[in-house]
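*Asks:* Build me a model from this:
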Amino acid sequence: MASAASLKFLKELPSLDEMQIVMGNLKSHGQQGAAIIGVAYVEHALERLLSRMFIPMNKEDQKRLFDGSAGGILGCLNAKIRIAYAIGIFGNDIYGNLKLLNAIRNVFAHSLHKLDFSAPELGKDVSRLTAINVFKNADGSEIVLGDTFDAFVWNVAALHGILSALADHPGFKIRIDFPHS
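*Replies:* Below is the predicted model of the structure:
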């Protein structure tokens, strides 16, 4: 079977600057685009973090592990989330947030319904995301979220930031979870 030329976009990553621009302007992609693209960025950060935990591997072994289009055993976000939780990278809070993000992304990617974040069911799911609760404004006050779409984007950005920081800074503590008040 011939390979699709567009698969190169799954293999070749944008530059760090390009990634920062996309994450900083996530809402400009619309609600469906933000759900799919934002969670893809979270998945990429989780893959980088998992790679850091494993022994160094050659490109073929990396592909067999992470490449979903090649049947990699960690080729989907759900598998990455579950293995990261199973080996103790994060606890129940982040695990639950990541599973919710994956479910929301899948709804936007695979539903035949015209959806946006005003759907009550999506609002209920987004209200259960707690990643942004870790952060405060510079003056120490709570971050005030706008509508459900804002809350989703802020939580995606928070989880992406947490996972990226852990992947990029080997000195950081690996076992993470959200503090309970």
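
*Asks:* which residue ranges form the strands in the protein?
*Replies:* For the chain, strands defined by DSSP state E do not occur.

*Asks:* Point out where it drops to low pLDDT.
*Replies:* By pLDDT under 70, the weakly predicted segments of the chain are 1-2, 134, 170-181.

*Asks:* Report the contact partners of Ser118.
*Replies:* Listed by CB atoms under 8 Å, 6 or more residues apart in numbering, the contact set of Ser118 reads 147-148. Quick note: C-beta positions are derived from backbone N, CA and C, even for glycine.

*Asks:* what about it, distance to His29?
*Replies:* Taken as CB to CB, to the nearest Å, the spacing of Ser118 relative to His29 amounts to 17 Å.

*Asks:* before we move on, what about Asn155?
*Replies:* Using CB to CB, one obtains 16 Å as the distance from Asn155 to His29.

*Asks:* Looking at those two, which has the bigger crowd around it?
*Replies:* Under the neighbour definition other CB atoms under 10 Å, Asn155 and His29 were set side by side, and Asn155 has more, 24 against 15.

*Asks:* most centrally placed residue in the chain?
*Replies:* Val42 (2.0 Å; CA atoms, centre = their mean).

*Asks:* is it true that that one touches Val156?
*Replies:* Yes - at 6.1 Å, Val42 and Val156 qualify as touching, with contact defined as CB atoms under 8 Å.
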